[in-house]
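**Q** What would the 3D arrangement of this be:
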Amino acid sequence: MLFKRKKKLTFIQKIRNFLFPKKGLIRAYKYLLKRLFRLKGNIHSVSLGAAFGVSIAITPLFGLQLILTIIFDIIFKANITASMLFTVIGNPLTFPFIWFADYKLGNLILSNETMDSSSFSKIIDEIIIAFKASNWEVIGSYVASILYPMFVGGIIIAIIIGIITYKFVFKSLVEYKEIKSRKILKEAK
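**A** Purely as a prediction, here's the structure:
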C-alpha cells in the first residue's frame, strides 16, 4: 500500500504521537489559523463564528458545544466553519483549567466558598462516573454546588473572551485581506 509505514507503531507510540505530535501542537494551531484566513465569506461572519466557537467551548456545557455553536451560527448568520475551528480551544488538555476558572469566578460572583483544585478535580471525576452509571441522585447533589457556579462563571468568561476573540479575528482578517490585495496589485504591475 502506498504511504504505509515500514515499521508499525506500537500502541504506546500511537498514543504518544496523538497527545504530543512530533511536529508540535503549535504547528497544529498555526494550521488552524491559516484555515481561518482562507475561509470564504465576509469578515464579520467569520469573526462572529470564531467568537461563538471560543465562547461556547469555554462554558461547562459538556457535549453540547458543537450543537450550540451551530444553533448560534444559524441564528446570527455566522460562519459555521470558523466556529468549528475555534471550538478546538475546548479540548481534554484545556478543560480542567477552563472548568476550574469557571468555578472560581462563579463562586466569586455568587459569594460562595471555594475549594482547592484537587478537591475540585475529585468531584468532577465523581460526576463523570455518576453520569456514566446514570446515578442521577449523585449528579443532582453536585449540580447546585459545582455546576451552577461553573455555569455562572463560564457565561461571564465566555462573553469576555468572545468579545476579545471577535475583535482580534476581525482586525487580523482585515489586515490579512489588505496585505493580500496589495500583493495582488503589486504582482499585476
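
**Q** Show the contacting residues for Thr165.
**A** Applying C-beta atoms under 8 Å, 6 or more residues apart in numbering to Thr165 gives the contacts 47, 50-51, 54-55, 86. Just so you know, the C-beta spots here come from the backbone N, C-alpha and C atoms, and that holds for glycine as well.

**Q** closest to Leu36 among those?
**A** Ala50 (6.8 Å; C-beta to C-beta).

**Q** Could you list the buried residues of whatever helix or strand the closest one lives in?
**A** Using DSSP states H and E, Ala50 sits in helix 43-58. Of the residues in helix 43-58, those buried by neighbour count under the rule 16 or more other C-beta atoms under 10 Å are 43, 45-58.

**Q** And those, which is closest to Ile159?
**A** Ser55 (7.0 Å).

**Q** Looking at the contacts of Thr165, which two lie furthest apart in space?
**A** With distances taken as C-beta to C-beta, the most widely separated pair in the contacts of Thr165 is Ser47 and Ser55, at 12.3 Å.

**Q** and the gap between Ser172 and Gly153?
**A** Taking C-beta to C-beta, to the nearest Å as the criterion, Ser172 is separated from Gly153 by 28 Å.

**Q** Outside of the host helix or strand of Ile15 itself, list whatever touches it.
**A** In the assignment (DSSP H and E), Ile15 maps to helix 11-19. The set of residues that contact helix 11-19 without belonging to it, under C-beta under 8 Å, 6+ apart, is Leu9.

**Q** mind listing what's buried in it?
**A** So, applying 16+ other C-beta under 10 Å, helix 11-19 has no buried residues.

**Q** Name the residues of stretch 65-82 that come out as buried.
**A** 65, 68-70, 72-73, 78-82.

**Q** Sorry, wrong one. I was asking about stretch 82-90.
**A** Counting neighbours by 16+ other C-beta under 10 Å, one finds that the buried residues in stretch 82-90 are 82-87, 89-90.

**Q** Leaving out the residues flanking it, which one is nearest to Ile156?
**A** Of all residues not flanking Ile156 in the chain, Leu105 sits nearest, at 6.1 Å (C-beta to C-beta, 6 or more residues apart in numbering).

**Q** wait, isn't the one you found in contact with Ile157?
**A** Yes: the pair Leu105 / Ile157 is scored as a contact, 6.2 Å apart, by C-beta atoms under 8 Å.

**Q** thinking again about what came up before, against which helices or strands is the helix holding Ala50 packed?
**A** Taking 3 or more C-beta pairs under 8 Å, 6 or more residues apart in numbering; DSSP states H and E as the contact definition, the neighbouring helices and strands of helix 43-58 are helix 65-76, helix 80-86, helix 95-110, helix 148-188.

**Q** just to revisit the earlier point, going by distance to Ile184, which of the buried residues of stretch 82-90 wins?
**A** Ala82 (23.2 Å).
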